[in-house]
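[1] this one's structure only:
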C-alpha cells in the first residue's frame, strides 16, 4: 500500500481510469458484435445503420486513447468492407492457370571433399645429453 499522499491519490485515479477504459472497450466490442451479426444475417439496411454507430464508438475510444489510432482505423475499414460485401455476389471469373515459375537453377555439384592426409608426427631430434663429471 502506498504511504505517500500523492501515491494514494494516484491509486484512486488509476482505478477510475481503469473502470472508464473498461466500459469504453466493452462498448466497442458490443458495437462490433452487433454489426457482425447483422452482416451474417444479410440485413444491409440494419448493418448500415449499425456501421455509423460503430464508427462513433470506435472514434470515441480513439479520442480517449483507449484504442490506438491505427487500430481504430483498421477496425473501421474492416467493418466497412464487411458491410459493402453483403449484397455482392461472389462471381466465378474464368480462372487462368497460374503461370509456372521457371525452375530455379540447381547449384553446381561440389567436388567431394578431400580427405585430410594423416598428420605426420614430428620427429623430435634428441640432443645428446652432456654428462656431468
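    Looks like it arrived, so ask away. Keep in mind it's a predicted model, so treat the numbers as computed, not measured.
[2] what sits against residue 69?
    Residues near residue 69 by C-beta atoms under 8 Å, 6 or more residues apart in numbering: residue 62. For the C-beta atoms, the positions are set from N, CA and C on the backbone; glycine is no exception.
[3] From residue 31, how far out is it?
    Separation of residue 69 from residue 31 (C-beta to C-beta, to the nearest Å): 18 Å.
[4] again with residue 60
    Residue 60 is 10 Å from residue 31, where distance means C-beta to C-beta.
[5] which stretches of the protein have low pLDDT?
    Low-confidence segments of the chain (pLDDT under 70): 89-96, 117-129, 131-133.
[6] for this protein, longest helix please?
    Taking DSSP state H as the criterion, the chain has its longest helix at helix 5-41.
[7] Please identify the buried residues of that helix?
    Of all the residues in helix 5-41, those buried under the rule 16 or more other C-beta atoms under 10 Å are 24, 27-28, 31-32, 35-36, 38-39.
[8] Present the residues you listed as CSV; the columns should include distance to residue 102.
    Output for those, formatted as CSV (distance: C-beta to C-beta, whole Å):
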residue, distance to residue 102
24, 54
27, 54
28, 49
31, 50
32, 46
35, 46
36, 44
38, 48
39, 43
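[9] for the residues you listed, which one is nearest residue 45?
    Residue 45 has its nearest neighbour among the buried residues of helix 5-41 in residue 38, at 8.9 Å by C-beta to C-beta.
[10] The nearest residue to that closest one once chain neighbours are set aside: how many residues sit nearby?
    What sits nearest to residue 38 in space, not counting adjacent residues and going by C-beta to C-beta, 6 or more residues apart in numbering, is residue 47, at 4.1 Å. Using other C-beta atoms under 10 Å, residue 47 is surrounded by 23 other residues.
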